[in-house]
Each structure stands twice: as C-alpha cells, then as structure tokens.
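> What would the 3D arrangement of this be:
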Amino acid sequence: MEKEMLAIARFKSGEGIFEKFMGWMQSDEGMSVRKSIAHVEKTVPSIAPDKSYVMFKVTVHNEAGMKEFVSGQNEKGKNTFDDCIESVALYELKKVDL
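Numbering: from 1, shown residues only. The predicted structure is shown next:
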C-alpha cells in the first residue's frame, strides 16, 4: 500500500555537507535505494534557503525500508547519513477533506 510521508532532514554543520548529501541522493546508488522504498518520480523536494535542512514529500511503497533509510540504518546510505545528517523527522500525511 502506498503512503505519503514527509521527511525533514537537518544537516550537520560544515562546508559542503548539503552538496555531499544531495550528490549521493542523485547518484546511481542513492537512486537505487530510493526506488526500493518510494516512487522517485512522485517525490517533491524542498531546500531551506540556508541549506541547513531539506524536506521531501515522498510516496512510499515500502514503509519499513523508508524508516530504515531515514534513520540512517540502510547499509548503502549509512556512511553518507553518518557524515551529513544531524537528525530526521518523519511524518505520515493524509488528505484533509474540505
């Protein structure tokens, strides 16, 4: 079952952290991990003006994999997360009828 989620990742301070993280997310390895947990083509990214955090609205098809990924426990992404990510908050989204 698909589920929409919002991930907010705060970066560690330091030069080039944002670029390192986004470079990995867009690499072949990063894309393969992302595709295994969510529909990449439906992901909506947002970046803080000072690049201190990013937000992603994600359509998830593997919730357990998503939780593993954003907690920095995914084997392929662990090194990048350890180097770049200070904290992540993950939220479930649901439509509000108006």
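> List the contacts of the nearest residue to I37 once chain neighbours are set aside.
Closest residue to I37 apart from its sequence neighbours, by C-beta to C-beta, 6 or more residues apart in numbering: G65 at 3.9 Å. Glycine gets a C-beta too; all of them are placed from N, C-alpha and C. Going by C-beta atoms under 8 Å, 6 or more residues apart in numbering, G65 touches S36, I37, N74.
> Going by neighbour count, which of these comes out on top?
I37 (21 neighbours; other C-beta atoms under 10 Å).
> Isn't that residue up against T59?
No - counting by C-beta atoms under 8 Å, I37 stays clear of T59, with 10.2 Å between them.
> mind putting the contacts of G65 in TSV, secondary structure, distance to A9 and pLDDT included?
Output for the contacts of G65, formatted as TSV (DSSP: H, G, I helix; E, B strand; the rest coil; distance: C-beta to C-beta, whole Å; pLDDT from 0 to 100):
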residue	secondary structure	distance to A9	pLDDT
S36	helix	18	96
I37	helix	15	97
N74	coil	13	94
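> of those residues, closest to A7?
Lowest distance from A7 to the contacts of G65 (C-beta to C-beta) belongs to I37, with 10.8 Å.
> hmm, back to that, ok, of the contacts of G65, which one's closest to K12?
Among the contacts of G65, and counting by C-beta to C-beta, the member closest to K12 is N74, at 17.9 Å.
> residues touching the closest one, list them.
Contacts for N74 (C-beta under 8 Å, 6+ apart) come out as V33, G65, E68, F81.
> what about the last one, distance to V33?
Look at F81 and V33: by C-beta to C-beta, to the nearest Å, they are 11 Å apart.
> who has more neighbours, the two?
Ranked by neighbour count (other C-beta under 10 Å), F81 and V33 place V33 first, with 21 against 18.
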